[in-house]
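In: Quick one, what's the 3D model for this:
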Amino acid sequence: MIGASIAKPALQPAETGRRMAPLFAGGLHALVVGGTTGIGHAVSTALGAAGVVVTATGISEAEIYSAPFEAGLDPRRMILDVADQDSVDKVVSGLERLDIMVNCAGMSMPRRAEFDPSNFQKVIDVNLTGALRVANAARPKMAGKGGAIVNFCSFYSQFGSAYLPAYAASKGGLLLLTKSLASAWVKEGIRVNAVAPGVIATPMTTPLMKNEAATRELTSRVPIDRVGQPADVAGPVLFLCSPAAAYVTGVLLPVDGGMVAA
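Out: Sure thing, here's the model as predicted:
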């Protein structure tokens, strides 16, 4: 276990973007689904700081305006429901161009609620089928242009969960969907990869973070010995979106402080 005393603080999203800026040519456009809160907010900020034109979406008007962006890094904001094909088509068709798509949208339900089949299906529809809807809509705008898609899996995609079976199943399915799309679309010049965040402080994990015992139990399995921050995930996402990862497709990149390796 690496002691907390030597764990370095996370980069701020804008700082991450500035360090990655030379990797992005001017004029690139990105769609960050779920890009106005949590990790998605950090990704939108970092891409904007790197010179990418960003459209960030959320499920409602309240969500898309819930968090402020730094001056000069405010993306175009749009409402998008990944469980609604018409909503997906409307947003994607309205984009001038599309070079990068990052799918951060996701949901889970309270402990054990996901064992109910109707709840299970709802989580699958958002986390897994929703990712396919957005990827299919993005494909025509990316084909032949060197597009990059990054999906958000989770450490649960590898471990499973005794309390969140739909969330774990959806993220495990999303990992194989990522590999399948990478294989299917490679000839079109579209790279498809995924990240697997570990324990990250976001609005979705706020209830967990309020439980000190549960948080201690989780972080005890993290060699870097701290809860991750959204900005910790933004840098790896930018790498996968950039020409620096031009020879990388179909991979899952853990961003979990070493949890999988421990």
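
In: any chance you could read off phi and psi for H29?
Out: For H29, the backbone dihedrals (degrees, to the nearest 10) come out as phi -120, psi 140.

In: And it, what's its pLDDT?
Out: Looking at H29, its pLDDT stands at 97.

In: likewise D256?
Out: D256 carries a pLDDT score of 89 in this model.

In: residues in contact with the nearest residue to it once chain neighbours are set aside?
Out: Nearest non-adjacent residue to D256, counting by Cβ to Cβ, 6 or more residues apart in numbering: G198, 2.7 Å away. C-beta coordinates here come from the backbone N, C-alpha and C atoms, glycine included. Counting by Cβ atoms under 8 Å, 6 or more residues apart in numbering, G198 touches F155, V222, G228, P254, V255, D256, G257, M259.

In: swap the cut-off to 10 Å and go again
Out: Each residue near G198 by Cβ atoms under 10 Å, 6 or more residues apart in numbering is listed here: 154-156, 218-219, 221-222, 224, 227-228, 232-233, 254-260.

In: Same check on L95?
Out: Taking Cβ under 10 Å, 6+ apart, one finds H29, A30, L31, V53, T55, R76, M78, M101, A137, A138, K141 in contact with L95.

In: Show me those that map onto strands.
Out: Per DSSP state E, strands hold the following members of the contacts of L95: H29, A30, L31, V53, T55, R76, M78, M101.

In: In TSV, list those along with neighbour count.
Out: Formatted as TSV, the ones in strands among the contacts of L95 follow (neighbours: other Cβ atoms under 10 Å):
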residue	neighbour count
H29	18
A30	27
L31	28
V53	18
T55	23
R76	15
M78	19
M101	29
